[in-house]
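> Compute the structure for the input listed below.
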Amino acid sequence: MAWQSVPVPRLEGVSQEQFVQHLYPQRKPLVLEGIDLGACTSKWTVDYLSQVGGRKEVKIHVAAVAQMDFISKNFVYRTLPFDKLVQRAAEEKHEEFFISEDEKYYLRSLGEDPRKDVADIRKQFPLLEADIKFPKFFKEEQFFSSVFRISSRGLQLWTHYDVMDNFLIQVTGKKRVVLFSPRDAQYLYLSGTKSEVLDIDNPDLAKYPLFSKARRYECSLKAGDVLFIPALWFHNVISEEFGVGVNIFWKHLPSECYDKTDTYGNKDPTAASRAAQILDRALKTLAELPEEYRDFYARRMVLHIQDKAYSRNFE
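Purely as a prediction, here's the structure:
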């Protein structure tokens with residue numbers, strides 16, 4: 001079926017004041033054009049990145065298929081020198097490979113010790129720092145991480161949400177991004193923070209019948225574009241060309257709301273995690289009742305949640 005998508009608005013020359021005061025409070029995706037990102041959009045060629053990035057070892061995803069699935073893990077983790085990764089990711093066919101000659105590569109940069117350190121391109125790739133300027137559209141103390149990403153052409157990243165706001169800076173290449181509102185979570189067949197629906201353009205509606213109810217928001221990103229992705233908005237990213245991107249994550253909530261062990265920015269806020277644990281205990285308690293009673297009181301719980309917790313104004 002042909003999917004109807006809502007185009008993500010594009011605005012050029014947005015000032016810090018305009019973004020912070022008028023656009024950011026709307027909590028909706030937005031493509032920003034004409035932001036001063038420094039020299040990276042012209043300098044970060046394959047040759048330049050290979051030379052400047054050097055032979056630093058990086059951990060990467062290697063996939064034999066285009067649609068990566070984090071739930072079933074249809075990829076393998078491997079390590080390559082950074083210059084080799086860039087060269088391979090830019091190729092269509094590989095003379096050297098792990099799985100197949102047309103395998104695809106994906107780098108999501110990590111902290112020095114991923115268990116304790118967040119990713120920050122300025123620390124992991126200091127020679128590239130001078131080439132890129134981060135949009136100054138949030139307070140410096142809110143900064144959480146800057147994630148360097150490299151993708152082979154055709155690679156599709158699974159639909160997921162993050163718990164922090166972020167800018168996806170498309171430095172080189174092109175991407176297509178499909179987004180879904182947090183309000184449509186019930187249609188996305190979630191497993192944790194990720195959707196089970198891999199092929200969002202041709203989904204198996206016999207298996208995922210509710211997916212057709214989710215409203216799609218869509219945009220194409222070219223070099224120099226910056227996509228604002230509000231926290232909790234689901235996004236699916238398709239690399240239409242070999243490309244390099246940088247995600248800038250920042251804390252929208254007070255720092256104490258976030259899990260202190262979270263170095264990736266994808267663990268639910270601590271209050272949400274506690275609420276989920278309490279709900280699990282409540283459901284186990286309900287299981288002690290006969291089915292008729294369990295059904296009745298479960299429905300009352302749902303109604304109570306809708307009455308007390310659902311926002312009437314959140315779009």
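> Please count neighbours and contacts with C-alpha atoms only from this point.
Noted.
> now do the same end-to-end measure for stretch 209-226.
Distance across stretch 209-226, first residue to last, is 33 Å (Cα to Cα, to the nearest Å).
> Buried by neighbour count: which residues of that stretch qualify?
Of all the residues in stretch 209-226, those buried under the rule 16 or more other Cα atoms under 10 Å are 211-212, 214-226.
> List the ones among those that fall in strands.
In strands, defined here by DSSP state E, the members of the buried residues of stretch 209-226 are R216, Y217, E218, C219, S220, L221, V226.
> partners of the third one in the sheet?
For E218, the residues forming beta bridges with it (DSSP bridges) are P7, V178.
> tell me the contacts of it?
E218 is in contact with S5, V6, P7, V8, R176, V177, V178, L179, counting by Cα atoms under 8 Å, 6 or more residues apart in numbering.
> what do you get if the cut-off is 10 Å, keeping everything else the same?
4-9, 29, 176-180, 235-236 (Cα atoms under 10 Å, 6 or more residues apart in numbering).
> The second one too?
With contact taken as Cα under 10 Å, 6+ apart, Y217 is in contact with 4-9, 29, 177-181, 234-235.
> and with 8 Å instead?
By Cα under 8 Å, 6+ apart, the residues touching Y217 are S5, V6, P7, V8, V178, L179, F180.
> re the thing from before, can the ones in strands among the buried residues of stretch 209-226 go into JSON lines with extra columns for pLDDT and distance to A276?
Conversion of those to JSON lines gives the following (pLDDT from 0 to 100; distance: Cα to Cα, whole Å):
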{"residue": "R216", "pLDDT": "97", "distance to A276": "27"}
{"residue": "Y217", "pLDDT": "98", "distance to A276": "28"}
{"residue": "E218", "pLDDT": "97", "distance to A276": "31"}
{"residue": "C219", "pLDDT": "98", "distance to A276": "33"}
{"residue": "S220", "pLDDT": "97", "distance to A276": "35"}
{"residue": "L221", "pLDDT": "98", "distance to A276": "36"}
{"residue": "V226", "pLDDT": "98", "distance to A276": "34"}
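> Which one of those is nearest to D36?
V226 (10.3 Å; Cα to Cα).
> and the gap between that closest one and Y310?
Look at V226 and Y310: by Cα to Cα, they are 31 Å apart.
> For the stretch 201-315 of the chain, just list every one of the strands.
216-221, 226-229, 234-239, 243-250 (DSSP state E, counting those that start in this stretch).
> Of these, which is nearest H160?
Evaluated with Cα to Cα, these place strand 234-239 nearest to H160, the distance being 5.1 Å.
> ok so, going back, least confident pick among the contacts of Y217?
Comparing pLDDT over those, the lowest score belongs to S5 (92).
> isn't that one right next to S212, touching?
No - counting by Cα atoms under 8 Å, S5 sits too far from S212 to count as a contact (11.6 Å).
> Can you measure across stretch 279-296, start residue to end residue?
Terminal residues of stretch 279-296 are spaced 16 Å apart (Cα to Cα).
> ugh, wrong one, stretch 66-80
First-to-last residue span, stretch 66-80, Cα to Cα: 20 Å.
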